[in-house]
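Return a 3D structure for these sequence lines:
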Amino acid sequence: MGTSTDGIIAYGIAFEEEFEFPWDEELPYCEAGEIEDWWLHIHDFYNTSDYPFTLEGEYKEGKAEADCSVWFKKKDAFLKEHPVPVEKENYCSGDYPMYALIVPGTAFRAKRGYPANFYLEDLMKITVKQIEDFKEFLDKYKLEYETEPAWLLMSYWG
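Predicted coordinates for the structure are as follows:
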């Protein structure tokens with residue numbers, strides 16, 4: 001008997017092991033590999049006078065916890081209005097990750113040992129606009145892919 005894994009179905013593109021994504025680069029205020037940090041960085045969100053922290057993670061002079069709360073509210077509002085147009089999905093394991101980029105909201109998961117229902121109607125909820133936005137993102141940030149986006153059946157061993 002083999003090792004069981006979680007099942008994942010999502011719409012997107014699987015990338016090879018050790019693929020270099022733009023958000024893997026070390027950037028000011030960003031943790032490498034964190035797509036949301038990168039997204040905020042490329043939209044100059046950390047360069048606003050509202051950002052309360054130094055590069056070392058200390059409060060800037062004259063800033064305090066209240067400023068932090070205001071900035072996080074602005075960040076949440078920005079991300080709600082300008083969500084990251086892709087999600088990263090690990091389709092291998094926690095120790096040896098391999099990633100797919102998927103259209104947000106298209107992932108269906110079944111945890112090992114717990115079957116999950118999904119229906120054809122669920123898969124048909126993806127829109128042409130979501131697919132176009134996804135491909136536009138891939139092209140804009142020069143993420144080369146060999147196959148067209150599609151429904152992927154993946155597994156994850158965590």
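
List the contacts of Thr54.
Lys60 (C-beta atoms under 8 Å, 6 or more residues apart in numbering). The C-beta positions use only the backbone N, C-alpha and C, and glycine is treated the same way.

can you check Pro104 too?
So Pro104 contacts 83-87 (C-beta under 8 Å, 6+ apart).

so of those residues, which ones are in helices?
Counting by DSSP state H, no part of the contacts of Pro104 is found in helices.

Filter the residues you listed down to the buried ones.
Among these, the ones that count as buried by 16 or more other C-beta atoms under 10 Å are 85-87.

I'd like the residues you listed as CSV, with pLDDT appended.
What follows is the buried ones among the contacts of Pro104, written out as CSV (pLDDT from 0 to 100):
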residue, pLDDT
Pro85, 93
Val86, 96
Glu87, 96
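
number of nearby residues for Phe45?
19 (other C-beta atoms under 10 Å).

On the pLDDT front, check it for me.
You'll see Phe45 listed with a pLDDT of 86.

ok, it to Tyr119 distance?
Noted for Phe45: a distance of 38 Å to Tyr119, by C-beta to C-beta, to the nearest Å.

what's Phe53 sitting at in phi/psi?
With angles defined as degrees, to the nearest 10, Phe53 sits at phi -110, psi 150.

what separates it from Lys63, distance-wise?
In this structure, Phe53 and Lys63 are 8 Å apart, going by C-beta to C-beta.

Likewise for Leu138?
For Leu138, the distance to Lys63 - C-beta to C-beta - is 37 Å.

do Asp76 as well
In this structure, Asp76 and Lys63 are 18 Å apart, going by C-beta to C-beta.
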